[in-house]
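> Give me a model of this one.
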Amino acid sequence: MDTFPEPFTLSNPSAGTPTARRGFRVPFGLREGRVWAPGEVAKGLGCGCVCPACHAPLIAKAQTSRRRRPHFAHLTDTHCETGRETGIHLRAKQLIVERAELLTPAWNGDRLDMPNPAQARDDEGRIHVGSRVDFPAMQRRLADVEAERQIGGFRPDLVAQDDDGELLIEIRVTHAVDD
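This is a model prediction of the structure:
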């Protein structure tokens, strides 16, 4: 299962108002250094998985349900708040490493941070405009995919080679990388 649940709303009958929830808290479990979807492991505690964030035991649930999506739940309430994001993040890295391919998104600039074409002002106040750059979305075959390699003062999630050279890949689930 390589898809993620859509956002949905739960109702609290006693309060009378819906409570927002962003999908399942733990969509993937960790076992023996790999990230697993609930449909890929035995049901219940037999899955042998732990939470990717807090490492507490998980149980696989609703694998054959026609009403509920398969998911993991903590065996006991741990108040874990990052299992969802960590699980998605680790599963994405695992899939890119194993499949050695990536769909890079189209890019034609960003009005705020990186205008296209690029513009710069020189010391005398003149504005210089560069050439427009457009990159279409492309399926890329990857080679030499490495996770968490240190490059200078930062560590991208993945470093890989494609036909155009080196790619530094950062996986964004809920928040972007800082400067």
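> tell me which element G87 falls in.
helix 83-99 (DSSP states H and E).
> OK, contacts around the nearest residue to V133 once chain neighbours are set aside?
In space, not counting the residues next to it along the chain, V133 is nearest to N116; the distance is 6.0 Å by Cβ to Cβ, 6 or more residues apart in numbering. Using the backbone N, CA and C atoms, a C-beta is placed for each residue, glycine as well. By Cβ atoms under 8 Å, 6 or more residues apart in numbering, the residues touching N116 are N108, G109, D110, R132, V133, D134.
> Just the pLDDT at the fourth one, thanks.
Yep, that's R132 we're talking about. Each residue has a pLDDT score; the one for R132 is 82.
> Neighbours of Q119, how many?
10 (other Cβ atoms under 10 Å).
> P57 versus T76, what's the distance?
For T76, the distance to P57 equals 8 Å [Cβ to Cβ, to the nearest Å].
> can you check E146 too?
31 Å.
> backbone phi and psi for A160, please?
phi -150, psi 170 (degrees, to the nearest 10).
> right, and it touches R141 too?
No: A160 is beyond contact range of R141, at 9.7 Å (criterion: Cβ atoms under 8 Å).
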